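1. Provide a 3D model corresponding to the input given below.
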Amino acid sequence: MDLLVLVECLASLVSGGKGGDGAALHRAVELSEALRGLLVDLHYPRERALIENAISGDDEWVRVFHYRHDLAGRLLDGMRREVLRERIEWDRFCAAADTLCDLVRVLVQEEEKQLRGLLA
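-> A predicted model of the protein is given here:
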């Protein structure tokens, strides 16, 4: 599944932070785990390669890369902790998921901008 499609599915499911029925919760957990996999296995390595190959010696880009991905990791970890609780706090899960979706949209925009810069 495409990263942005996955993000939009998760965002629509958690928008408003209400309605945490069993089916919605199960689907949100599935989507967040799929998102974790795509970010870790596909997006992060690709963006890291872009930065290392295109922006040689620019420490600011490297710091921004690490900050964004550290934040995404912390959000995903927080969501996972909520899922592992005996009683999930749906509103907390939704808040983290909503923030993560916004962050991933920015990550994708930045990657596209870097690619356009390479092709220019």
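
2. So the spatially most central residue of the chain versus residue 67, what's the distance?
-> Closest to where the C-alpha atoms of the chain average out (C-alpha atoms, centre = their mean) is residue 104, at 4.3 Å. Residue 104 is 14 Å from residue 67, where distance means C-beta to C-beta, to the nearest Å. C-beta here means a position set from N, CA and C on the backbone, and glycine is covered the same way.

3. any chance you could map the helices in the chain?
-> Along the chain, counting by DSSP state H, helices occupy 3-14, 22-38, 44-54, 59-84, 90-119.

4. State the distance from residue 111 to residue 95.
-> Distance from residue 111 to residue 95, by C-beta to C-beta: 25 Å.

5. ugh, wrong one, residue 15
-> 11 Å.

6. average pLDDT for stretch 52-62?
-> Here stretch 52-62 scores 66 as its mean pLDDT.

7. nope, stretch 110-120 is what I meant
-> So the average pLDDT for stretch 110-120 ends up being 73.

8. Can you list the neighbours in contact with the lowest-mean-pLDDT helix or strand in the chain?
-> None of the helices or strands of the chain scores lower by mean pLDDT, DSSP states H and E than helix 44-54, at a mean of 73. Residues outside helix 44-54 that contact it (C-beta atoms under 8 Å, 6 or more residues apart in numbering): 61-62, 65, 69, 107, 110-111, 114-115, 117-118.
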